[in-house]
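Colleague: I need the structure of the sequence given here:
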Amino acid sequence: MSRKLSRKMSKYESILKVEMNIGSSHEPTKNIMICNRGLVDGLGRSQLVKLFSQFGTLENVVMLPFKSYCFVSYFNVDDAKKALNNINGKKNALFDHQLVYLIYTESVPKNVEIIYDLPPGLEIIDNFITDKQEIFLLNFLNERWINSSCMKNRQVKHYGYEFDYDNNGVKQNSYCDPIPKEFEFVLNIITLKLNWYPNQITINRYLPGQGIPSHIDTRGVFDDYILSLSLGSDVVMEYKNDMKHCSILLKSKSLLIMSGECRNYWTHGITPRKFDIINTSNGPDVFQRENRTSITFRRVILNRNNIKNKQNLYQILECDKTSSHETIKENYRRLILQVHPDKTVIQSSNTECAQLNVAWNILKNPKLKKEYDEEIEQNEIDTQVTIFESLQLQDLEKNIDDGTLFYRCRCGGIYFVPTSEIINISSPKPILFPCDDCSLFIELNLPEHITFS
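Modeller: I've put the predicted structure just below:
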């Protein structure tokens, strides 16, 4: 044995004794430790069995989760000797042509099962759809990837509302394809189970080795449910909070449902790697990821920065004054379907429907639309300024020489208030006066009667 290989063996024997508390032996035994390869390196149980079965019948194979070593046991010592002599310190094609280091050991540990503890509020429904339905959805989506967005670690497409990755919300006023009718059978099953109807879908397409960073879907933009349907491949999703870390297996065709604590306080993400570690009937093993598509269902809270707090009717219908009649009409039809009481159980949907109808009834009428345009034009003028301070008449200073009124700005400039502009005015609204050196304004609240001494 070379001096370098001898040092390697001593290192692995120390690991075996200290970490595993298992005695190693220089004398041949029927138990062998593979020192430098394991599940964490992507070594699969089938690869291990294929390599070592060449030298005899295996009695046991032990692979430990998240470890870079593993064990094989033969029924007799002679087979173990043949394996060690033919593999130890040599490169092997089944191990990516890397050197393999082996030592004898007196015993091997027991198989360890991976524990998949679900965070509170997480539910997984296996086989939520059938094989035929999975193929149908994948074929439908494959035909529409041309218009998808290519992100650093995956391809993405949105329906209903486009996700805004800069602000972790949705782009309320941008055009997005409506949810296709091909998803209706899934939506109907979800509605029957949860009494909940989504209005936004995000499609993520992952190649092997791709993932998504840990995150929490924005609270306040989306309501309490986040659902995800897995297609094409299994994957392990990582859930973390301040105290715990859970690795959850998501099988192809399964539906993941997040709500409550899990949805609001646990991050979830997929580690970018080409394999995952799972339980099997023989013990832990690895599986190689394949192309995977996830369909995430969310419900946008429409009265957040959308209807309840909109400044004008155009924003309610997600358009502007330059939009054509056909565009306004199309947006109205799309939005009314998303909030119609027959399509949702959200309590505010009746109010949202009413406001959409009010906006449409005004903007579809040329005369009413013209009057409304004139009204919001004046409102825009009134709101396109930055107010430095709101003042009363007694807050102003008076120039002794000419009797003019003024107020000092933080920039060093002056707000001049000519008496001629306020002496004969009786207005319930404040009057705006600009600074002579910056873009700020003051608003002056006038009393009912003005007198100057």
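Colleague: can we go C-alpha only for contacts and neighbour counts from here?
Modeller: OK.
Colleague: My understanding was that residue 336 contacts residue 353; is that so?
Modeller: Yes - using Cα atoms under 8 Å, residue 336 is in contact with residue 353, at 6.2 Å.
Colleague: And the helix or strand that residue 79 is a member of, what does it pack against?
Modeller: Counting by DSSP states H and E, the element that carries residue 79 is helix 77-87. For helix 77-87, the elements it packs on are strand 31-34, strand 102-105, judged by 3 or more Cα pairs under 8 Å, 6 or more residues apart in numbering; DSSP states H and E.
Colleague: tell me the mean pLDDT for the last one?
Modeller: It refers to strand 102-105. When pLDDT is averaged along strand 102-105, the result is 92.
Colleague: How far off centre is that strand?
Modeller: Chain-centre distance of strand 102-105: 46 Å, with Cα atoms, centre = their mean, to the nearest Å.
Colleague: helices or strands next to it in the packing?
Modeller: helix 3-18, strand 24-25, strand 31-34, helix 77-87.
Colleague: Pull up the pairing partners for the next helix or strand after it, direction included.
Modeller: Downstream of strand 102-105, the first helix or strand assigned by DSSP H and E is strand 122-125. On the basis of DSSP bridges, the sheet neighbours of strand 122-125 come out as strand 255-258 (antiparallel).
Colleague: which residues touch the partner strand?
Modeller: 121-128, 224-230, 250 (Cα atoms under 8 Å, 6 or more residues apart in numbering).
Colleague: Can you read off the pLDDT for residue 436?
Modeller: 78.
Colleague: my guess is it contacts residue 415, does it?
Modeller: Yes - the criterion here is Cα under 8 Å, and residue 436 meets it with residue 415 at 6.3 Å.
Colleague: In terms of neighbours, single out the busier of the two.
Modeller: Taking other Cα atoms under 10 Å, residue 436 and residue 415 do not tie; residue 415 has more neighbours (21 against 15).
Colleague: you'd agree that one is up against residue 398?
Modeller: No - the criterion here is Cα under 8 Å, and residue 415 misses it with residue 398 at 11.7 Å.
Colleague: Of the helices and strands packed on helix 77-87, which is nearest residue 278?
Modeller: Ranking the helices and strands packed on helix 77-87 by proximity to residue 278 (Cα to Cα) places strand 31-34 first, at 20.0 Å.
Colleague: Kindly calculate the angle that whatever helix or strand comes next after that closest one makes with helix 77-87.
Modeller: Downstream of strand 31-34, the next assigned helix or strand under DSSP H and E is helix 45-52. On the basis of axes from the mean of the first three to the mean of the last three Cα atoms, to 10 degrees, helix 45-52 is oriented at 100 degrees to helix 77-87.
Colleague: Only alpha carbons, please: show the helix or strand following helix 45-52 as PDB.
Modeller: Note on helix 45-52: by DSSP H and E, the next helix or strand toward the C-terminus is strand 58-63. Presented in PDB, the C-alpha positions along strand 58-63 are these (Å, rounded to 0.1, in the frame of the first residue of the first chain):
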ATOM      1  CA  LEU A  58     -24.400  -9.200  -0.600                       C
ATOM      2  CA  GLU A  59     -26.000  -9.700   2.800                       C
ATOM      3  CA  ASN A  60     -26.600  -6.000   3.600                       C
ATOM      4  CA  VAL A  61     -26.200  -2.500   2.200                       C
ATOM      5  CA  VAL A  62     -26.400   0.500   4.500                       C
ATOM      6  CA  MET A  63     -26.500   4.100   3.200                       C
END
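Colleague: what distance separates strand 58-63 from the middle of the whole chain?
Modeller: 40 Å.
Colleague: partner strands of it, parallel or antiparallel?
Modeller: When DSSP bridges is applied, strand 58-63 pairs with strand 70-74 (antiparallel).
Colleague: and which of the contacts of strand 255-258 is nearest residue 265?
Modeller: The closest of the contacts of strand 255-258, once distances to residue 265 are taken by Cα to Cα, is residue 121, at 10.2 Å.
Colleague: Quick check: the gap between residue 46 and residue 105.
Modeller: 22 Å (Cα to Cα, to the nearest Å).
Colleague: so which one among the contacts of strand 255-258 has the lowest pLDDT?
Modeller: For those, the weakest pLDDT value sits at residue 224, with 87.
Colleague: can I assume that residue sits in a helix?
Modeller: No - counting by DSSP: H, G, I helix; E, B strand; the rest coil, residue 224 falls outside a helix, being coil.
Colleague: Skip the chain neighbours and tell me the closest residue to it.
Modeller: residue 259 (5.5 Å; Cα to Cα, 6 or more residues apart in numbering).
Colleague: Residue 121 is in contact with the one you found, correct?
Modeller: Yes - between residue 259 and residue 121 there is a contact under Cα under 8 Å: 5.0 Å.
Colleague: Got the confidence number for residue 445?
Modeller: The model's pLDDT for residue 445 equals 83.
Colleague: That one and residue 390 touch, don't they?
Modeller: Yes - counting by Cα under 8 Å, residue 445 does reach residue 390; the two are 7.4 Å apart.
Colleague: picking up where we left off before, among the contacts of strand 255-258, which pair sits farthest apart?
Modeller: Pairwise over the contacts of strand 255-258, using Cα to Cα, the maximum falls at 127 and 224, 23.5 Å.
Colleague: So for these two, which sits in the more crowded spot?
Modeller: Neighbour totals were compared for residue 127 and residue 224, and residue 224 leads with 17 against 14 (other Cα under 10 Å).
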